[in-house]
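>>> What would the 3D arrangement of this be:
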Amino acid sequence: MLKTKLAVVGLSVALLGTGQSYASSWLECDGDSGKKITWSGNSTTARINTGSFSGAAKDAVVRGIDAVNQNPSPFSISATTETGGVGSGNGQNEIYGSSIDPPGVARMRYTCYWFFGWHFGLDEVDIVLDSTGPSWTTSQNKSDSLAYTGSLAPIDSVITHEAGHYLGLMHVSTEYNIMGDSWRHHATNGTLAATYFGEDASRGARILYGTQSSAFDDVGVTHWRRTGSSGEYSSHGRTRIRNQANTADLPTVSVNGETGYQVTRGQTVQAEFTIENNGKSDVNNVRYGLYLSTNDTISTADRRLGGGTIGTINPSDPSTQLLQVTIPADASASTNYWLGMIIDDNNTVSEVTGGNNAAYIPIRVQ
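The predicted structure is shown next:
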């Protein structure tokens, strides 16, 4: 009779099989979908070790946990601090730094055994970030992040991924999601790249813990997409601008250090964006707009080039879509612009946040 098991899951290693529905993935006892391994209640406490994370670093950890808490299930993680020693198997959920091989790991201790009936559930989850390898940033500035023009690994993105394991979620390789390539999973508009939980993980949270009773609508758009897989993890890359026939990407060019696309005045192109419903139920008749901006902050004050209405956005799988748009004939030549999308640009959906409703793709008009 085995009463305690340990799974170590991180950014480069995982040692346990999972159950799946759609793409969301989680632990199961005895390979039985009716025995999902979760906490017995709808909350747990994470103890942030101040010997590893203090000041801005602690704030980044809390920000990563807060991103997980913005999910449509009733489950939440309470963040507190601790001093002193840490260790796996001490009955406490701890977040700390140590010299490890992967950038980050979650050490999940759980019960799965039969003794006059099945007993299963999470007992302890520790998050450990490598204190000696990566150069971390506590900032959300995209100029610092290795996913954009910087060279540093964002703490909050990794914490959000690892804290997904607090719920019992496991890695996903088949679609764009935080439980895959967390360094390239952001809601970005302007200078800030904000980590977020996303549609797939939110759906997994609802499957594990049910759906919260309060209203929870949240549609979003991002300029990231799934490009493939690396082992258990989805690989992510930037969305693209393709020709009108959708047979090829347009030529690329550097725009303020980010990859942009060369377009010509009057040209009709296909702009690619990933649309998500991070909420708990279908959202219907959602309007979107396509905009041309002179900077990387997309807003309804920018020039609206067109748009449309999405009949239904359901909270099951992120959808990367191509949207046709024509570059204005009167746009300035040899000039950088940002082609953007705003979902719910007429602000009719009552959302828990509107901070993820706009995204951009850099372009240079020839």
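>>> ok, the strand or helix carrying Leu122: who's next to it in the sheet?
Here Leu122 sits within strand 118-130, counting by DSSP states H and E. Within its sheet, strand 118-130 is paired with strand 94-98 (parallel), strand 104-114 (antiparallel), according to DSSP bridges.
>>> wait, doesn't Leu169 sit right on Ser202?
No: applying C-beta atoms under 8 Å, one finds Leu169 not in contact with Ser202, separated by 10.2 Å. For every residue, glycine as well, the C-beta is placed using N, CA and C.
>>> circling back to that earlier point, strands paired with the following helix or strand past the strand holding Leu122, and their directions?
Next along the chain after strand 118-130, taking DSSP H and E as the criterion, comes strand 136-137. Strand 136-137 sits in its sheet next to strand 153-154 (parallel), going by DSSP bridges.
>>> what's next to the strand it pairs with, contact-wise?
Strand 153-154 has contacts (C-beta atoms under 8 Å, 6 or more residues apart in numbering) with 60, 103, 134-137, 139-140, 144-147, 183, 193, 195.
>>> could you list every residue that touches the residue nearest the centre of the chain?
Centroid check for the chain by C-alpha atoms, centre = their mean gives Ile178 as the closest residue, at 3.7 Å. Contacts for Ile178 (C-beta under 8 Å, 6+ apart) come out as 160-161, 164, 185, 195-198, 200-201.
>>> and it, what element?
Taking DSSP H and E as the definition, one finds Ile178 inside no helix or strand.
>>> Next, the most far-flung residue of the chain relative to its centre: phi, psi?
What lies farthest from the middle of the chain is Phe116; by C-alpha atoms, centre = their mean that is 40.8 Å. Per-residue torsions, Phe116: phi 50, psi 50 (degrees, to the nearest 10).
>>> how close does the closest residue in space to Thr174 that isn't next to it in sequence get to Ile275?
Counting by C-beta to C-beta, 6 or more residues apart in numbering, Thr174 lies nearest to Ala23, which is 4.7 Å off, once chain neighbours are set aside. Separation of Ala23 from Ile275 (C-beta to C-beta, to the nearest Å): 16 Å.
>>> What of Val86?
Distance from Val86 to Ile275, counting by C-beta to C-beta: 40 Å.
>>> got it, and Lys142?
Noted for Lys142: a distance of 21 Å to Ile275, by C-beta to C-beta.
>>> what do you get for Thr252?
Relative to Ile275, and taking C-beta to C-beta, Thr252 is found at 23 Å.
>>> Please say which of the two ends up with more neighbours.
Ile275 (21 against 15; other C-beta atoms under 10 Å).
>>> Who does that one form a beta bridge with?
Ile275 has the following beta-bridge partners by DSSP bridges: Val221, Ser319.
>>> Now do the contacts for it.
Contacts of Ile275 by C-beta under 8 Å, 6+ apart are 219-221, 288, 310, 313, 318-321, 343.
>>> before we move on, the earlier item: generate a ChimeraX selection restricted to the buried entries among the contacts of strand 153-154.
Buried residues among the contacts of strand 153-154 (16 or more other C-beta atoms under 10 Å), as a ChimeraX selection:
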select :60,103,134,136,137,139,140,144,145,146,147,183,193,195
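>>> out of the contacts of strand 153-154, which are inside helices?
The helices, defined by DSSP state H, take in Ala60 from those.
>>> any idea which of the contacts of strand 153-154 is least confident?
Across the contacts of strand 153-154, the bottom pLDDT score, 91, is held by Pro134.
>>> hang on, it packs against Pro102?
No: using C-beta under 8 Å, Pro134 is not in contact with Pro102, being 9.7 Å away.
>>> And Arg225, what's its pLDDT?
Reported pLDDT for Arg225: 98.
>>> what about the residue lying closest to Leu250 once chain neighbours are set aside, helix or strand, and which?
What sits nearest to Leu250 in space, not counting adjacent residues and going by C-beta to C-beta, 6+ apart, is Tyr261, at 4.3 Å. Counting by DSSP H and E, the element that carries Tyr261 is strand 258-263.
>>> May I have the strands that pair with that strand, each with its orientation?
Partner strands for strand 258-263, per DSSP bridges, with pairing direction: strand 252-255 (antiparallel), strand 358-365 (parallel).
>>> From those, pick the one with the highest average neighbour count.
The highest average neighbour count among those, using mean count of other C-beta atoms under 10 Å, belongs to strand 358-365 at a mean of 24.
>>> For burial, what's the neighbour tally of Asn278?
27.
>>> same deal with Asn42?
Here the count is done by other C-beta under 10 Å, and Asn42 has 13 residues near it.
>>> Would you agree it is in contact with Tyr209?
Yes: the pair Asn42 / Tyr209 is scored as a contact, 6.0 Å apart, by C-beta under 8 Å.
>>> quick revisit: is it possible to export the strands paired with strand 258-263 to CSV including distance to Ser78 and mean pLDDT?
Listed next are the strands paired with strand 258-263 as CSV, based on distance: least, C-beta to C-beta, whole Å; pLDDT from 0 to 100:
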stretch, distance to Ser78, mean pLDDT
strand 252-255, 42, 98
strand 358-365, 31, 98
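>>> thought Ala187 was touching Ala194?
Yes: using C-beta under 8 Å, Ala187 makes contact with Ala194 at a distance of 4.9 Å.
>>> Looking at these two, which one has more neighbours?
More crowded of Ala187 and Ala194, by other C-beta under 10 Å: Ala187, with 24 against 18.
>>> That concludes my questions; thank you for your assistance.
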